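# how would this look folded up:
(chains A and B)
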2 protein chains.
Amino acid sequence: MGWMADESGLEKRAANYVPLTPLSHLRRAAKVFPNRMALRYGDTAHSYADYYLRVTRMASALTMRGIQPGDVVATLIPNVPAQVEAHFAVPASGAVLNTINTRLDTATVAYIFEHGEAKIVLADTQFLALAEAAIEAMEGPKPELIEVPDAAAGYPATGRHPTYDDMLASGDADFEWIMPQDEWESLSLNYTSGTTGRPKGVVYHHRGAYLMTMGTVVSWRMVLHPVFLAIVPLFHCNGWNHSWMMPLVGGTVVCCRDVTPGAVYDAIADHGVTHFGSAPIVLNMIVNAPDTARRPFDHVVEVFTAGAPPAAATLVAVEDLGFNVTQVYGLTETYGHVTECLWDADWNTLPQAEKAAIKAQQGVAFPMMEDITVVSSDMTPIPADATATGEVVVRGNSVMKGYLKNPDATEEAFAGGYFHSGDIALKHPNGYLQIADRAKDIIISGGENVSSVEVEGALMHHPAVSLCAVVAKPDDKWGEVPCAFVELKDSADATGEELIKFARTQLAGFKTPKMVVFQELPKTSTGKIQKFELRSLAKTL
Amino acid sequence: MGWMADESGLEKRAANYVPLTPLSHLRRAAKVFPNRMALRYGDTAHSYADYYLRVTRMASALTMRGIQPGDVVATLIPNVPAQVEAHFAVPASGAVLNTINTRLDTATVAYIFEHGEAKIVLADTQFLALAEAAIEAMEGPKPELIEVPDAAAGYPATGRHPTYDDMLASGDADFEWIMPQDEWESLSLNYTSGTTGRPKGVVYHHRGAYLMTMGTVVSWRMVLHPVFLAIVPLFHCNGWNHSWMMPLVGGTVVCCRDVTPGAVYDAIADHGVTHFGSAPIVLNMIVNAPDTARRPFDHVVEVFTAGAPPAAATLVAVEDLGFNVTQVYGLTETYGHVTECLWDADWNTLPQAEKAAIKAQQGVAFPMMEDITVVSSDMTPIPADATATGEVVVRGNSVMKGYLKNPDATEEAFAGGYFHSGDIALKHPNGYLQIADRAKDIIISGGENVSSVEVEGALMHHPAVSLCAVVAKPDDKWGEVPCAFVELKDSADATGEELIKFARTQLAGFKTPKMVVFQELPKTSTGKIQKFELRSLAKTL
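You can find the predicted model right below:
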């Protein structure tokens, strides 16, 4: 409440108050780093001057096709340049960017088009049929469809729609970007993957994305000119806001359409990738890559990993290969990561296993966040004793505005002045939090809570296990018991009995899986294991 | 204007909107880096846990002494821990921090107390008599005086007033900080040194200081845990906001009460200082340090220099000693630096002299600034041809709210939607700006503009010259002619005639000084040469 007795003439003005927006980063980069490499994909390479020009033309073209400020422009595109460019071009036309998961089914995509009221859809040729079918299935006003071909990847233009290049060519290179007049204006719309019920539309504000980029630079030990590999799909929390951050530091975005071990190693060796974010499953893929896909490199690659707590065994193995992994945590509602397992150099001398155990923690709040803590159901903080658990709640500037056209769900999510994550965590004595489980993933066996994450961690130490997921299986005696679904490594072998015995050496009896099923695990497009499917399956076993 | 058709329930709330303030950095650091070294001075060493506790106690003590939100608390303190702590404690009590230049005269200090309406003054024992005399000279309500002794530096408590330690002891360790409810609230008050007329009170907002810290980290190639030497007085633009920035990166502030070459070298060698800011005169001092004051060190020290364009010769010499100098530019009204001579690795292979010439440029906007450009009197941008000159104007979030109780001066400073710096610059073809001169420092000789900076740069290449300043001397024939005031290096020798001849080899005749005066140059407390005094002197020669 620091208002002075006389503040006459001290109000906000054009000179001293500019709404925060990631758009400012690219406008500055075009002036400051015009000749630096901004964007790479295959044979495509755009400098910041080119990139800015392409974004400007696209924003102009959107406006010429009738897009008004506040309208929604949707995309169904993998991590290729058009998707990166849309992150600036759509808001530079004043519109709201709705990046849609390309692996969704037709009905869900139709629902999102309908609910978000998209006016234009940019669709990669690979997903064009999906977009067409979804538009066909709509009842309300239908969006215009623009095709984004990728001939080099095997997806030449079909000729059925105007193309992205047509649009670019039509745009005015001198178009004046439509900047937000209020930093609370809507920037993007991200539908949650919604394992039950309809997906919810998470709305981001310009302010939050700007501050997310500023805070991420600090946390990710990033100085000027990093080379960033876009593995996390840009339709997932806008790729954790990393493409909005790159112009701030004059960095290069290297696009990764298909995430294979070879693609990751090639990008590191050929383009000098210094940073990427990914789900733990990508780390697994790197560790278990065939020799033919591996490439040597002589720098450390900084990796943010999130989406699920990675197994300690995976962490140890991937760091030996030259990657420094930082566990981060967040949700679609928090623009991606908002906590980080910030490393203390004092821990460098700990045994490898202890280091890995710390690295599996989700840690502390990012610099742009105000308060991230763990509370019991009455909103009182739990003790930091590494035992008590509660819900992770979040307060800070990188939190969504709310859910589109769903004020009830918004109120519920923000009850008590914090965003409620629905994730269950404990707090270590040093204040680092560690996710125990999603509330719905907790197994209650004989009245005792069993953390599926803990059981998975135990199984992952077995040399034959590549990936596993543990869910509740209904049980007459105990109510629920842990049931493990396991993928074995290529050419490795183990029986269920062996794995149960192995787990029992590390876990209490009630936490030990009672059944092991060997099969490929169902995963979302972002590499998260779809436990709800396994839970359904476990009920039938 | 990105408001969606239906934004019901999407308004700001406690969970997703937190007013930006540098106070948040220290609150986070106390949780995230409790055991890290936060503050050093002589034998004093405070961890972040200690630092936070001391700040909390001090904020509480201020409140207990009647400080209300919006009140002003002034300081007359050199760069010692109390001054650093005041940067958090005063705003944590809801009050506005007014750090006053300790080298001002009694009448000016009395004017500032009166104009700023300080309720409490914290004064170092060395400046206690100044504070007492100024209070004595006041006509309005008088502030309470708290003494900040520094026995180790030779300033034990006088016993005439309550001391800083008394206050700390009285404060409540559990005091709840009074955080801003609006990021536009006033954070601090900095009086310009005002070479003519009354000093003006520049008011900073919390938002600007927060964004200044976020942007500075990016520009200063700063990763976690830097060791920062506080050379720039904290009463000068709040030390360019660096003490507010340090908790963001878990860094250490090393206090420097008296800036001597020995103190700088000792801090680097003993505490591993990685970063400092200073006026160019400090670089000069380092270059010309006696051998006894020099200490070896094996890392590169990153230096921001500002206040006046440093001579190319100084830059070359100081970099050879292990310092990497980045020229920055700003004013009290812009929280300190807002442009930087951002280095392009392509320039590494240029000859040393060309590199130094680029390093003397003020460069491009910091990341947190929106637009910094050079305009002619009708506000049209000048051509980027390295020749045309105009006024530097600034738009962005690290610009003051305005001048306290001076709406007319505020309006004038913000005319046309930009802050008017009063500095004259040219623009290089790559967009880098270079200060030609303060508007009032330009010499007009025979109708031609002569940049005093250019003439000084020429003289500084002479091996005997330690420091120089060139001002206008009235001349019957030419109107004005350049007159040089020069400090020679210890044991070096040169005549005025020699220097004029030397300058003529590099400069046009009308730019060459017509007179050279050898004397110690008058300087402000921040190391800026007081040209107005030299101008007065030149009129009498």
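# going forward, measure contacts and count neighbours with C-alpha atoms only.
Will do.
# mind listing the strands in the stretch 1-150 of chain A by residue range?
Listed from the start of the chain, the stretch 1-150 of chain A has strands (DSSP state E, counting those that start in this stretch) covering A:37-41, A:44-47, A:72-76, A:96-99, A:118-124, A:144-148.
# next one: the stretch 151-300 of chain A
Counting by DSSP E, counting those that start in this stretch, the stretch 151-300 of chain A has strands at residues A:186-191, A:201-205, A:227-230, A:252-255, A:275-278.
# quick one: is stretch A:386-404 near chain B?
Yes - Stretch A:386-404 lies within reach of chain B by C-alpha under 8 Å from any C-alpha of the partner chain, at A:394-404.
# By neighbours, which of these wins?
Neighbour counts for the residues of stretch A:386-404 next to chain B were taken using other C-alpha atoms under 10 Å in any protein chain shown; the highest belongs to residue A:398, which has 32 neighbours.
# pretty sure that residue is touching residue A:335, no?
Yes - contact status for residue A:398 versus residue A:335: in contact at 6.2 Å, counting by C-alpha atoms under 8 Å.
# Which neighbours do those two have in common?
Both residue A:398 and residue A:335 are in contact with A:208-209, A:212, where contact means C-alpha atoms under 8 Å, 6 or more residues apart in numbering or on different chains.
# Output those residues as JSON lines; include the columns neighbour count and pLDDT.
Supplementary listing: the shared contacts of residue A:398 and residue A:335 in JSON lines, determined by neighbours: other C-alpha atoms under 10 Å in any protein chain shown; pLDDT from 0 to 100:
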{"residue": "A:208", "neighbour count": "27", "pLDDT": "98"}
{"residue": "A:209", "neighbour count": "30", "pLDDT": "98"}
{"residue": "A:212", "neighbour count": "29", "pLDDT": "98"}
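# Which strands and helices lie in contact with the longest helix along chain A?
Secondary structure of chain A per DSSP state H: the longest helix is helix A:48-64. In terms of contact count using 3 or more C-alpha pairs under 8 Å, 6 or more residues apart in numbering or on different chains; DSSP states H and E, helix A:48-64 is assigned the packing partners helix A:23-32, strand A:37-41, helix A:81-92, helix A:164-170.
# which parts of that helix are buried?
The neighbour-count check on helix A:48-64 (16 or more other C-alpha atoms under 10 Å in any protein chain shown) flags A:48-63 as buried.
# ditto for stretch A:289-304
Using 16+ other C-alpha under 10 Å as the test for burial, stretch A:289-304 gives A:294, A:297, A:301-304.
# With residue A:341 as the reference, measure out to the closest residue to residue A:506 other than its chain neighbours.
Distances taken as C-alpha to C-alpha, 6 or more residues apart in numbering or on different chains place residue A:458 nearest to residue A:506, at 6.6 Å, with adjacent residues excluded. Applying C-alpha to C-alpha, to the nearest Å, the value for residue A:458 to residue A:341 is 21 Å.
# what about these two, which has more around it?
Neighbour count, other C-alpha under 10 Å: between residue A:458 and residue A:341, residue A:341 has more, with 24 against 20.
# returning to what we had before: please state the offset of the longest helix of chain A from the chain centre?
Using C-alpha atoms, centre = their mean, to the nearest Å, the distance from the centre of helix A:48-64 to the centre of the chain it belongs to is 26 Å.
# go on, stretch A:335-350?
18 Å.
# Next: stretch A:272-285.
With C-alpha atoms, centre = their mean as the basis, the distance from the averaged C-alpha position of stretch A:272-285 to the chain average is 12 Å.
# Over to stretch A:112-121?
Average the C-alpha atoms of stretch A:112-121, do the same for its chain, and the two points are 22 Å apart (C-alpha atoms, centre = their mean).
# Quickly list what the closest residue to residue A:45 other than its chain neighbours is bridged to.
Counting by C-alpha to C-alpha, 6+ apart, residue A:45 lies nearest to residue A:39, which is 5.7 Å off, once chain neighbours are set aside. Beta bridges link residue A:39 to residue A:46, residue A:253 when assigned by DSSP bridges.
# contacting residues for residue A:39?
By C-alpha under 8 Å, 6+ apart, the residues touching residue A:39 are A:45-48, A:51, A:81, A:252-255.
# Kindly reformat these as TSV and extend each row with distance to residue A:107 and pLDDT.
Putting these into TSV (distance: C-alpha to C-alpha, whole Å; pLDDT from 0 to 100) gives the following:
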residue	distance to residue A:107	pLDDT
A:45	36	98
A:46	36	98
A:47	39	98
A:48	38	98
A:51	35	98
A:81	27	98
A:252	36	98
A:253	32	98
A:254	32	98
A:255	29	98
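# Thank you kindly, that will do.
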